[in-house]
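*Asks:* generate coordinates for the sequence data below:
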Amino acid sequence: MGMIDLSRVLRPHPVRAPASGISRRRSLWERLHLDPWLLGMLLVLMVAGLAVLYSASGQRIEAVIAQGIRFGVGLVVMFLIAQLSPATLLRWALPAYALGVLLLVAVELVGDVGMGARRWLVIPGVVRFQPSEMMKLAMPLMLAAYLSRQELPPRFRDLAVCGLLIGLPVALIARQPDLGTSLLVASAAVFVVLLAGLSWRFIAGLAVLVAAALPVLWMNLHNYQRQRVLTFLDPNSDPLGSGWNIIQSTTAIGSGGLFGKGWLQGTQSQLEFLPERHTDFIVAVLGEEFGLVGMLAVLLLYLLIISRGLWLAAGAQDTFGRLVAGSIILTFFIYVFVNVGMVSGILPVVGVPLPLVSYGGTSSVTLMAGFGILMAIHAHRRLLPR
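*Replies:* Numbers count the residues shown, from 1 in each chain. From the prediction side, this is the model:
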């Protein structure tokens, strides 16, 4: 009584071996360790994303080609990770977490500054990347590895350790500053802890603690972050300044009507009234050109991907696999929810891209790596006797 065990949502469904004792011939997809349904839906989403990006980028084919190459790299990464066993993922959880923290410290010391934020590490002539993206996977792997070795539901001592593991990288990311990524990393961590099982009493106490800490958080926000919150509450308070983005975004979505103005026919986007239209605000381009029907079709595709991901997570046959897989797919849901919410004006703008639609390199590869972990956990299930 009085306990909430979200791990029951991902209760494993056993994989039965054939009753005759004769091994079943594995399909091509099983030998490749890939889930054809999830892969197919991801490919459809990528193609739709490239079509919207072509319009949002001002019909720059170079941007589409660059994004297509990133998708290709992401698919290769997904395939390679899908070949790893859960035991290998468990073994590499701590090194990945430690490396991620060290890279975040390196960003703090020698990171490259862009648009007023220090978020990138640059290897001259090789690559420019955001180490914070790595923590979106390293964090749930580390927490799942720790909690899978403890008695569940987690005790106060275990939660204190998890708090320390979460706090350090989240604080380093928030200092860059990158509020959106810090929230996503924190969300991935919180989902692992919730799926491990928590008492209602502890959740209520944590909610009270968070509410009490809000004034302190407000005082430590950067001026532009505070302005984003104030703009969310009243966009028309500064229509030509901080409120411009959200006003133009909601105008674009509303002008699309039921069926939209047609591909490449948007006015807010094509006439460059809409800022950041190829990254954070790409949903507004989708809504203006394809209307409510187009937006609902894309949201349905996201829903199907999330549903399939939860089904695969439910098939994990150990605590580590269930916690990691559940956290990855629920964090993907947070991506979609926050981006659509901020562009439509129901959430403050925090700089979260729309997964596999917004233009971006590191985030796309990270997302595909996450789906690779999900497929690896599903593919390496044990056959149980009838």
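
*Asks:* which residues are in contact with Leu304?
*Replies:* Leu304 sits next to Met41 when contact means C-beta atoms under 8 Å, 6 or more residues apart in numbering. Placement of C-beta: from N, CA and C, glycine included.

*Asks:* name the SS class of it, please.
*Replies:* helix (DSSP: H, G, I helix; E, B strand; the rest coil).

*Asks:* now do Phe320 against Glu62, distance only.
*Replies:* For Phe320, the distance to Glu62 (C-beta to C-beta, to the nearest Å) stands at 42 Å.

*Asks:* and if you look at Gly309?
*Replies:* Distance of Gly309 to Glu62, computed by C-beta to C-beta: 32 Å.

*Asks:* neighbour count: the two, which is higher?
*Replies:* The residue with more neighbours, out of Gly309 and Glu62, is Gly309; 25 against 8, by other C-beta atoms under 10 Å.

*Asks:* could I get the buried residue list for the helix or strand that one falls within?
*Replies:* Per DSSP states H and E, Gly309 falls inside helix 282-314. For helix 282-314, burial by neighbour count (16 or more other C-beta atoms under 10 Å) applies to 282-291, 294-295, 298, 302, 305-306, 308-314.

*Asks:* now do stretch 32-39
*Replies:* By neighbour count on 16+ other C-beta under 10 Å, the buried set for stretch 32-39 is Leu32, His33, Leu34, Asp35, Leu38, Leu39.

*Asks:* what's the answer for stretch 250-263, then?
*Replies:* For stretch 250-263, a neighbour-count test (16+ other C-beta under 10 Å) marks Thr250, Thr251, Ala252, Ile253, Ser255, Gly256, Gly260, Lys261 as buried.

*Asks:* touching the longest strand along the chain from outside, list them.
*Replies:* In the chain, with assignment by DSSP state E, the single longest strand is strand 117-123. Contact partners of strand 117-123, identified using C-beta under 8 Å, 6+ apart, comprise 103, 106-108, 110-112, 114, 128-132, 176-178, 181.

*Asks:* where does pLDDT dip in this protein?
*Replies:* Along the chain, the model assigns pLDDT under 70 to residues 1-24, 115-116, 125-126, 224-225, 232-234, 236-238, 240-242, 382-386.

*Asks:* okay, which residue is most central for it?
*Replies:* Nearest to the mean C-alpha position of the chain, counting by C-alpha atoms, centre = their mean, stands Phe332 at 3.9 Å.

*Asks:* any idea how far Leu374 is from it?
*Replies:* Phe332 is 9 Å from Leu374, where distance means C-beta to C-beta.

*Asks:* now for those two: what residues contact both?
*Replies:* If you check Phe332 and Leu374 against C-beta under 8 Å, 6+ apart, the residues they both contact are Gly309.

*Asks:* closest to Leu195 out of the buried residues of stretch 250-263?
*Replies:* Ile253 (33.7 Å; C-beta to C-beta).

*Asks:* so the closest one sits right up against Gly287, yeah?
*Replies:* Yes - between Ile253 and Gly287 there is a contact under C-beta atoms under 8 Å: 3.7 Å.

*Asks:* all helices for the stretch 201-350 of the chain, in order.
*Replies:* In the stretch 201-350 of the chain, the helices defined using DSSP state H, counting those that start in this stretch lie at 223-233, 244-255, 267-270, 282-314, 319-343.

*Asks:* need these in TSV (columns: distance to Leu194).
*Replies:* Listed next are the helices of the stretch 201-350 of the chain as TSV, based on distance: least, C-beta to C-beta, whole Å:
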stretch	distance to Leu194
helix 223-233	26
helix 244-255	30
helix 267-270	38
helix 282-314	13
helix 319-343	9
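
*Asks:* tell me which of those lies nearest to Leu90.
*Replies:* helix 319-343 (5.5 Å).

*Asks:* mind listing what's buried in that closest one?
*Replies:* Neighbour count says helix 319-343 has 319-336, 338-343 buried, by 16+ other C-beta under 10 Å.

*Asks:* can you check stretch 48-56 too?
*Replies:* Ala48, Gly49, Leu50, Ala51, Val52, Leu53, Tyr54, Ser55, Ala56.

*Asks:* confirm for me that the fourth one is in contact with Leu264.
*Replies:* What it means is Ala51. No - Ala51 is beyond contact range of Leu264, at 9.7 Å (criterion: C-beta under 8 Å).

*Asks:* nearest residue to Ala313 in space, please, no chain neighbours.
*Replies:* Nearest non-adjacent residue to Ala313, counting by C-beta to C-beta, 6 or more residues apart in numbering: Ala325, 3.5 Å away.

*Asks:* distance of the residue nearest to the centre of the chain relative to Val285?
*Replies:* To Val285, Phe332 is 21 Å away according to C-beta to C-beta.

*Asks:* just Ile203 next, same as before
*Replies:* Applying C-beta to C-beta to Ile203 and Val285 gives a distance of 38 Å.

*Asks:* what residues are up against Met139?
*Replies:* Tyr97, Gly100, Leu165, Ile166, Pro169, Val185, Ala188, Ala189, Val192.

*Asks:* these two touch, right, the fifth one and Leu104?
*Replies:* If I follow you right, that is Pro169. Yes - taking contacts as C-beta under 8 Å, Pro169 lies within contact range of Leu104: 5.9 Å.

*Asks:* which residues are in contact with both of those two?
*Replies:* Joint contacts of Pro169 and Leu104 (C-beta under 8 Å, 6+ apart) are Ser132, Met135.

*Asks:* quick one: Pro355 and Tyr335 touch, right?
*Replies:* Yes - contact criterion C-beta under 8 Å: Pro355 and Tyr335 qualify, at 4.6 Å.

*Asks:* shared neighbours, these two?
*Replies:* Leu367.

*Asks:* how near is Leu310 to Leu304?
*Replies:* Distance, Leu310 to Leu304, using C-beta to C-beta: 11 Å.

*Asks:* likewise for Gly114?
*Replies:* Look at Gly114 and Leu304: by C-beta to C-beta, they are 35 Å apart.
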